[in-house]
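*Asks:* output the structure for:
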Amino acid sequence: RDLKHGYGCFQFASGATYTGQWFEGKMHGQGTYNYADGQKYLGEFDRGLKNGFGTHIYTNGDQWDGVWVADEAFGIGLYVYFTTQQKVESPFIAAGDPTPTVGKATPGVKLLRKEDKLRVMQDGAEADNKSREMAEKAAQLAAEARKLGNKILDDTAKLLGLNVATD
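*Replies:* Coordinates of the predicted model:
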């Protein structure tokens, strides 16, 4: 099959680019996805989807660090203002939405203390490990399914009296 595999760069028709690891034609592993509008995602991919810990950098330089599951931001992350380097705990903010502010105006957003930052990083690492464990289990199940499928094909070929070349 003619699929991207290993490390490489690709430019999509949209103008977006990806530089990083590929597996069976999909972004997989560590990589950087540059959106056509100037935003950027640096982090982990799993079979073409953002999955694991990643950093989303907005066009103004602000960034959101957090966990991604199946291409969606998951839970609370760390929003960092580019100009002041102020850090707040916040859900993911989509481009064009108002940035998080500390206080009653934005529920769930708070200025982070050092111990809060460490907890957010630890939570992200734990979710990342769980994501990796799930991906490894899925890969094992897929390999077992391929072996079983190949065995069924081989057995069927034998029953039909077909000569099948094997590696």
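*Asks:* mind showing which ranges of the protein have poor pLDDT?
*Replies:* 1, 102-122, 124, 164-167 (pLDDT under 70).
*Asks:* just the element for residue 132, please.
*Replies:* helix 114-159 (DSSP states H and E).
*Asks:* output the contacting helices and strands for that helix.
*Replies:* strand 40-46, strand 49-57, strand 63-69, strand 72-80, strand 87-91 (3 or more C-beta pairs under 8 Å, 6 or more residues apart in numbering; DSSP states H and E). Yep, even glycine has a C-beta here, placed from its N, CA and C like the rest.
*Asks:* just how off-centre is that helix within its chain?
*Replies:* 14 Å (C-alpha atoms, centre = their mean, to the nearest Å).
*Asks:* ok, back up a step: dump the helices and strands packed on helix 114-159 into JSON lines; add distance to residue 157 and mean neighbour count as well.
*Replies:* Formatted as JSON lines, these follow (distance: least, C-beta to C-beta, whole Å; neighbours: other C-beta atoms under 10 Å):
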{"stretch": "strand 40-46", "distance to residue 157": "34", "mean neighbour count": "21"}
{"stretch": "strand 49-57", "distance to residue 157": "36", "mean neighbour count": "21"}
{"stretch": "strand 63-69", "distance to residue 157": "41", "mean neighbour count": "22"}
{"stretch": "strand 72-80", "distance to residue 157": "43", "mean neighbour count": "18"}
{"stretch": "strand 87-91", "distance to residue 157": "54", "mean neighbour count": "19"}
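*Asks:* which residues touch residue 132?
*Replies:* Taking C-beta atoms under 8 Å, 6 or more residues apart in numbering, we find residue 132 in contact with residue 52.
*Asks:* what about it, distance to residue 138?
*Replies:* 11 Å (C-beta to C-beta, to the nearest Å).
*Asks:* now residue 153
*Replies:* 22 Å.
*Asks:* also residue 147?
*Replies:* With C-beta to C-beta as the criterion, residue 147 and residue 138 are 15 Å apart.
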